[in-house]
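# This is a predicted model, with the sequence first.
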Amino acid sequence: MDGVGWNYSDVVKEHFMRPKNILQVSEEEYNADGVGFVGSPACGDMMKIFIKVKDGKIIDLKWQTFGCASAIGSTSMLSEMVVRDGGMTLEEAFKITPEAIIKELGGLPANKIHCSVLGDKALRDAINDYYKKTGQTDKIPKNTAKIVCECLEVTDEDIRMEVLEGVKDFDTLQKRTKVGTGCGKCVDNAKKILNDFVEQYYNCSIYTGEK
């Protein structure tokens, strides 16, 4: 079983052993209003989310994954969060963060934090797919990320996602994003942003589950 040696919370174990809202029928039979997909070759996880929408709310969410205990547990929890109390509005669901999922799970091992981003990314992709299918592309949220490296157009969000994928040092970040390989003026700021995210995701008790 994946997770041997990891300090998973009882909540994560419950959602891994008895995951909620997995798609049990064919995609054609389910006939989703929106479908989202993300893959993470770095840890071998792939995620697909299907949503049904009524009156601006997600009334049902199903999912499929090829992933580890963290990916399964976090997406199972996400599916319950979204449909709880009659369903979240599309706007509310779009704003769900890895932090919110991790908090509901009671923490995740630091080296498994990256798996929690699969579900929320796939959900946003599904919501955007719904907007496209219904001719509401004007409702697709604009990217609010801040440019860190103007030469290569690397944003603070790009750096955050790399940290969530397990990057902790600048050399690795630079190899993956090319940040600072142009004029080099952004290197100090990029290092600070990287270190801030590493401190946040790999030391804060919300993410590590430590008391």
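Nice, I can see it.

# From now on I want contacts and neighbour counts done on CA atoms only, so please keep to that.
Will do.

# right, and residue 102 touches residue 74 too?
Yes - with contact defined as Cα atoms under 8 Å, residue 102 reaches residue 74; the gap is 7.3 Å.

# Can you tell me how far the most far-flung residue of the chain relative to its centre is from residue 152?
Centroid-distance maximum for the chain: residue 183 at 31.6 Å, with Cα atoms, centre = their mean. Per Cα to Cα, to the nearest Å, residue 183 is found 10 Å from residue 152.

# cool, and residue 191?
16 Å.

# got it, and residue 93?
For residue 93, the distance to residue 152 - Cα to Cα - is 31 Å.

# Looking only at neighbour counts, state which of those two leads.
residue 93 (20 against 15; other Cα atoms under 10 Å).

# what sits up against stretch 177-195?
148-149, 151-152, 154, 156, 158-160, 163, 168-170, 173-174 (Cα atoms under 8 Å, 6 or more residues apart in numbering).

# gap between the two ends of that stretch?
16 Å.

# That stretch: which residues count as buried?
For stretch 177-195, burial by neighbour count (16 or more other Cα atoms under 10 Å) applies to 177, 178, 179, 180, 186, 187, 190, 191, 193, 194, 195.

# what's the closest of those residues to residue 122?
Nearest to residue 122 among these, counting by Cα to Cα, is residue 177 at 21.6 Å.

# quick one: the helices in this protein?
Shown for the chain, the helices assigned by DSSP state H span residues 10-17, 27-30, 69-83, 90-94, 98-105, 117-133, 156-164, 170-177, 187-203, 205-208.

# of the buried residues of stretch 177-195, closest to residue 31?
Distance to residue 31 across the buried residues of stretch 177-195 (Cα to Cα) is lowest for residue 177, with 37.2 Å.
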